[in-house]
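1. Would you be able to build a 3D model of this:
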Amino acid sequence: MEITLVKTTTPKPKPDPAKLGFGRFFTDHMFVWDYNPEQGWHDPRIVPYGPLELDPASAVLHYGQAVFEGMKAYRGPQGEVLLFRPEQNMARLNRSNARMSIPQFDEEFALRAIKELVALEREWIPTAPGTALYIRPFIIATDNVLGVRPSATYRFMVILSPVGAYYEEGLNPVSIYVEPHYVRAVRGGTGFAKAAGNYAGSLLAQKNAVAKGHSQVLWLDGIERKYVEEVGAMNVFFSIGGQMVTPDLGDSILPGVTRDSILQLLRSWNVPTVERRLSVEEIFQAHAEGTLVEAFGCGTAAVVSPIGRLEYQGRLIEIGGGKIGELTQKLYDTLTGIQTGRLPDPFGWVVRVDV
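-> All right, here's what the predicted structure looks like:
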């Protein structure tokens, strides 16, 4: 398939790189790709960024059949444009599709389209430390029929946003509230997929945590309400007794690309690393015994976000003296160094975009 291009006639001014925030500004163009049963995925195109026209009966508005991904493009030392493990995001998007009854797409073609869009918008990629061009692929159901069933038609889109730090705190440790009542996902549910509804259901708990003076929520499992799963929309790691522990994957935890990258880095450094069930009580006990050294969340948006405090059922603990841990800092520096081409890439993770 050929990707058609219609360039904007009204390019936008670039935002102040010192005031980017996260997800507030969008580039001049977007990618659009449609699906119907007769043609499959067809009519791929790059067009000017603009509003969508949806019928009020569109299935996505009523039944939430939607999935998305998050990835970034970076500027390298010589001005080159770099992506980080983008094939993993395309594979995960198709896994999300399978769970949400959305047709599979050609991953190589989708990645080609993303590269073409990023190359076109290369001047939007910020260059300051900690900044990047955020890439948001997403798919929505577009049938105009009210009925609880998979849609027959879909739209795959990609939009781009120059971004700074995800959290205002930057790399400073954040305060986290352990949510005792609400749950993010359950076994057999959609927790392993990047389904839009997963995030809508998390907003109330996050709002309550912020009202209590915290930045985010630590989610517990939906069955026993005792085992750690994710922190906000990120995977989570704890350094306990000389081991780096992270919850093992199940169908209630998102298999993060950053999580997998961190596990590979840690093992290459011979850091003892364990994937297993981890109860919140074990974390508090480890703190009492002095074996809880550091903790952090990880994901595409924030890369690594150190955890400085945890509150659970009226108990509040400080981790690492409220400062970023040595290993957390090393992971952040190494990951961002590889992503931006400032450090060697022994794993072959970085993909260069021809511009």
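
2. give me every residue that touches Ala295.
-> Val236, Phe237, Phe238, Ser239, Ile283, Pro306, Ile307, Leu310, Ile319, Gly320, Gly325 (CB atoms under 8 Å, 6 or more residues apart in numbering). From N, CA and C alone the C-beta is placed, and that goes for glycine too.

3. separation between the fifth one and Ile319?
-> Plainly put, Ile283 is 9 Å away from Ile319 if you go by CB to CB, to the nearest Å.

4. Now do the shared contacts for these two.
-> Leu292, Ala295, Leu310.

5. any idea which of these is the one closest to Asp43?
-> Closest approach to Asp43 among these (CB to CB): Ala295, at 46.7 Å.

6. Quick check: nearest residue in space to the closest one, chain neighbours excluded?
-> The shortest distance from Ala295 to any non-neighbouring residue, by CB to CB, 6 or more residues apart in numbering, is to Ile307 (4.1 Å).

7. does the one you found count as helix, strand or coil?
-> Three-state call for Ile307 (DSSP: H, G, I helix; E, B strand; the rest coil): strand.

8. okay, it: pLDDT?
-> As predicted, Ile307 sits at a pLDDT of 97.

9. Tell me what it is bridged to.
-> The residues listed as beta-bridge partners of Ile307 by DSSP bridges are Val174.

10. That one reaches Ile176, doesn't it?
-> Yes. Contact criterion CB atoms under 8 Å: Ile307 and Ile176 qualify, at 5.4 Å.

11. Can you give me the pLDDT of the residue lying farthest from the centre of the chain?
-> In the chain, counting by CA atoms, centre = their mean, Glu289 sits farthest out from the average C-alpha position, at 33.4 Å. On the pLDDT scale, Glu289 is placed at 98.

12. cool, and the one 10 residues further on?
-> Reading off the confidence values, Gly299 has pLDDT 96.

13. quick one, what contacts Lys72?
-> Shown in contact with Lys72 (CB under 8 Å, 6+ apart): Leu83, Phe84, Ala132, Leu133, Tyr134, Ile135, Val163, Thr300, Gln339.

14. a markdown table for those residues, including secondary structure?
-> Formatted as a markdown table, the contacts of Lys72 follow (three-state DSSP):
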| residue | secondary structure |
| --- | --- |
| Leu83 | strand |
| Phe84 | strand |
| Ala132 | strand |
| Leu133 | strand |
| Tyr134 | strand |
| Ile135 | strand |
| Val163 | strand |
| Thr300 | coil |
| Gln339 | helix |
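
15. just those residues now: which is nearest Phe347?
-> When the contacts of Lys72 are ranked by distance to Phe347 (CB to CB), Phe84 comes first, at 10.5 Å.

16. count of neighbours near the spatially closest residue to that closest one that is not a sequence neighbour?
-> Of all residues not flanking Phe84 in the chain, Gln339 sits nearest, at 4.7 Å (CB to CB, 6+ apart). Neighbours of Gln339 under the rule other CB atoms under 10 Å: 24.

17. same check, this time on Val303
-> Val303, neighbours per other CB under 10 Å, totals 25.

18. Quick check: pLDDT value at Val350.
-> You'll see Val350 listed with a pLDDT of 98.

19. show me the contacts for the closest residue to it other than its chain neighbours.
-> Residue nearest to Val350 in three dimensions, not counting chain neighbours: Leu82, with 5.2 Å by CB to CB, 6+ apart. By CB under 8 Å, 6+ apart, the residues touching Leu82 are Ala73, Tyr74, Arg75, Gly76, Gln339, Thr340, Gly341, Val350, Val351, Arg352, Val353.

20. Spit out the contact partners of the third one.
-> In this case it means Arg75. The contact partners of Arg75, taken as CB under 8 Å, 6+ apart, are Val81, Leu82, Ile125, Pro126, Thr127, Thr340.

21. Please convert the residues you listed to CSV, extending it with secondary structure and distance to Ser279.
-> Compiled in CSV, the contacts of Arg75 are given as follows (DSSP: H, G, I helix; E, B strand; the rest coil; distance: CB to CB, whole Å):
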residue, secondary structure, distance to Ser279
Val81, strand, 44
Leu82, strand, 39
Ile125, coil, 42
Pro126, coil, 41
Thr127, coil, 43
Thr340, coil, 37
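
22. ok, the residues you listed vs Glu53, which is closest?
-> Nearest to Glu53 among the contacts of Arg75: Ile125, at 29.5 Å, using CB to CB.
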